[in-house]
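Asks: Kindly return the folded structure for what I paste below:
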Amino acid sequence: MRFHLIDRIEEIRYGKHIVGVKCVSLSDEVFDEHFPGYPVFPGSLVLEGMAQLAGSFFEIMMDHDGLELRQSVLVMANRMKWSKPAEPGDRILYRADILSRREDFGVAKVQASIDGEVSATGELTFSFVLVDDEELRRSRAGLYRFCMKKTRVIDADEPG
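Replies: Below is the predicted model:
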């Protein structure tokens, strides 16, 4: 099974932050086992969703800046805290703010919210790895195009 835990990227401000959405549905396969009679979206998948958004942001910025595309690989999760579980019907709003970006690694502050209430926070560190696979590049580019069809791009001069 492959998890795509970002349904749409809602907002991007290059070099600063990105916001994405995951709509949790009772039809998500994970609820077959987690937990019968009390469906809760696993915290590990919330973490994965935040990592997918932050890692994608680094890759999108590389492309935007005309740099050689490298794949973001999660190497460390720090200060992770969960305070509210996600359930079927919830809309998880993910946000990643860039704390540091270098040629070979990046760090992002991440947050998940449900109905305006913070449900998870932490910091994620990524290593950037050169993957010489044209099929993978095309696949990721197609996924980004799909997820970013309705993305609001915030100009660097706009406040916020």
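
Asks: export the one helix or strand residue 54 maps to as CSV, just CAs?
Replies: Following DSSP states H and E, one finds residue 54 within helix 43-64. Provided in CSV are the C-alpha atoms of helix 43-64 (Å, rounded to 0.1, in the frame of the first residue of the first chain):
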residue,chain,number,x,y,z
GLY,A,43,-0.3,9.5,14.8
SER,A,44,2.5,7.9,12.7
LEU,A,45,0.5,8.8,9.5
VAL,A,46,0.0,12.4,10.7
LEU,A,47,3.8,12.5,11.1
GLU,A,48,4.1,11.0,7.6
GLY,A,49,1.8,13.6,6.2
MET,A,50,3.8,16.4,7.7
ALA,A,51,7.0,14.8,6.4
GLN,A,52,5.5,14.5,2.9
LEU,A,53,4.5,18.1,2.9
ALA,A,54,7.8,19.4,4.2
GLY,A,55,9.9,17.1,2.0
SER,A,56,7.9,18.1,-1.0
PHE,A,57,8.4,21.7,-0.2
PHE,A,58,12.2,21.4,-0.3
GLU,A,59,11.9,19.6,-3.7
ILE,A,60,9.5,22.2,-5.1
MET,A,61,11.8,25.0,-3.9
MET,A,62,14.8,23.3,-5.6
ASP,A,63,12.9,23.2,-8.9
HIS,A,64,11.6,26.8,-8.4
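
Asks: Output the helix-or-strand element of the chain with minimal mean pLDDT in CSV with nothing but the alpha carbons.
Replies: Ranked by mean pLDDT, DSSP states H and E, the weakest helix or strand in the chain is helix 134-147, scoring a mean of 85. Taking C-alpha atoms only, helix 134-147 is exported to CSV below (Å, rounded to 0.1, in the frame of the first residue of the first chain):
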residue,chain,number,x,y,z
GLU,A,134,13.9,9.9,-14.8
GLU,A,135,10.7,7.9,-14.2
LEU,A,136,10.7,8.9,-10.5
ARG,A,137,11.2,12.6,-11.5
ARG,A,138,8.3,12.5,-13.9
SER,A,139,6.1,10.7,-11.4
ARG,A,140,6.9,13.3,-8.6
ALA,A,141,6.4,16.2,-11.1
GLY,A,142,3.0,14.9,-12.1
LEU,A,143,2.0,14.5,-8.4
TYR,A,144,3.1,18.0,-7.6
ARG,A,145,1.2,19.4,-10.6
PHE,A,146,-2.0,17.6,-9.5
CYS,A,147,-1.7,18.6,-5.8
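
Asks: Since that was my last question, I'll sign off now.
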